[in-house]
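In: only the shape, not the letters, is given here:
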């Protein structure tokens, strides 16, 4: 008798709204027997799996309780060895701050079959949806994507010289980010945008400068957000679609 072979798919869910899911990801969700998903995944995405699919929520939002990574690794291996088709659903793209290395190593240790399915990273989608181009022939010839989860380990002297910065997981570190950039000589009038829940009906954008953005976002919970810093932020007023009454 042939045993059904399990497989784990590490799938990028995109910025949030189910409309931005890739076609391949959507098809795989429909065939999933086990879904292991992060806290930031839009709840609409859970409707893409069948009613008999086992759904396991493992958290993974900064500052809140999450399932330890070692336990997530064990879940992936366990259900794969049981012969299940497993979806490990992550926000954005799995290979952009998606912590896939440990999961893949665990799967390889047990000779589990796996495949990585790309998703649209919020680092690219959020600025676009706010009308902010990351590159421009005059204002931005390069951009960098970084996480401010641990701002103390970043090389701010190098980072501060780049045209455009896209910062993920930086809401709670915003005062430190601003302090470091100003300390390295960035102008206090440098434009900054903070984009929350990009690509969803709850999207909200705050526009300001390094010297006033803290006042503009006071008393606001900035998690999760994408932060864009650079002169291209000024273009957002000109590149938004026209709203017709």
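Out: Thanks, I have the structure now. Here the structure is a predicted model, which means the values were calculated and not measured.
In: any weak-confidence spans in the protein?
Out: Within the chain, the ranges that satisfy pLDDT under 70 run 1-4, 41, 60-65, 242-245.
In: show me where it has helices.
Out: 23-31, 69-81, 100-109, 122-129, 156-159, 174-183, 213-216 (DSSP state H).
In: for residue 151, what are its contacts?
Out: 170, 173, 176-177, 180 (CB atoms under 8 Å, 6 or more residues apart in numbering). All C-beta atoms are positioned from the backbone trio N, CA, C, and that covers glycine.
In: could you flag which of the residues you listed are buried?
Out: 170, 173, 177, 180 (16 or more other CB atoms under 10 Å).
In: for the residue nearest to residue 213 when sequence neighbours are not counted, list each beta-bridge partner.
Out: If the residues on either side of it in the chain are set aside, residue 213 comes closest to residue 192, at 5.0 Å by CB to CB, 6 or more residues apart in numbering. Going by DSSP bridges, residue 192 is paired in beta bridges with residue 208, residue 229.
In: who does residue 34 bridge with?
Out: residue 54, residue 86.
In: against residue 204, how distant is residue 32?
Out: Distance from residue 32 to residue 204, counting by CB to CB, to the nearest Å: 32 Å.
In: swap that for residue 122, sorry
Out: From residue 122 across to residue 204, the span is 14 Å (CB to CB).
In: make a markdown table from the contacts of residue 151 and add distance to residue 40 to it.
Out: Formatted as a markdown table, the contacts of residue 151 follow (distance: CB to CB, whole Å):
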| residue | distance to residue 40 |
| --- | --- |
| 170 | 15 |
| 173 | 18 |
| 176 | 22 |
| 177 | 21 |
| 180 | 26 |
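In: among these, which one lies nearest to residue 212?
Out: residue 177 (14.4 Å; CB to CB).
In: quick one, what contacts that closest one?
Out: So residue 177 contacts 148, 151, 167, 170, 227 (CB under 8 Å, 6+ apart).
In: go through those and flag which are in strands.
Out: 167, 227 (DSSP state E).
In: which pair in the contacts of residue 177 spans the largest distance?
Out: 151 and 227 (11.8 Å).
In: overlap in contacts, the two.
Out: 170, 177.
In: what about the closest residue to residue 127 other than its chain neighbours, neighbour count?
Out: Excluding its sequence neighbours, the residue lying closest to residue 127 (CB to CB, 6+ apart) is residue 228, at 5.1 Å. Other residues near residue 228 come to 25 when the count uses other CB atoms under 10 Å.
In: what's near enough to touch residue 228?
Out: 126-127, 130, 132, 134, 164-167, 192-193, 195.
In: who wins for most neighbours among the residues you listed?
Out: Counting by other CB under 10 Å, top hit in these: residue 126 with 30 neighbours.
In: follow-up on the earlier one: ok, the residue nearest to residue 213 - contacts?
Out: 207-210, 213, 227-229, 233.
In: show me which of those is closest to residue 111.
Out: For the contacts of residue 192, the nearest to residue 111 is residue 227 (40.9 Å; CB to CB).
In: before we move on, the earlier item: against residue 130, how distant is the residue nearest to residue 213?
Out: From residue 192 to residue 130 the distance is 12 Å (CB to CB).
In: could you do residue 38 as well?
Out: 23 Å.
In: now do the contacts for residue 5.
Out: Contacts of residue 5 (CB under 8 Å, 6+ apart): 83, 113.
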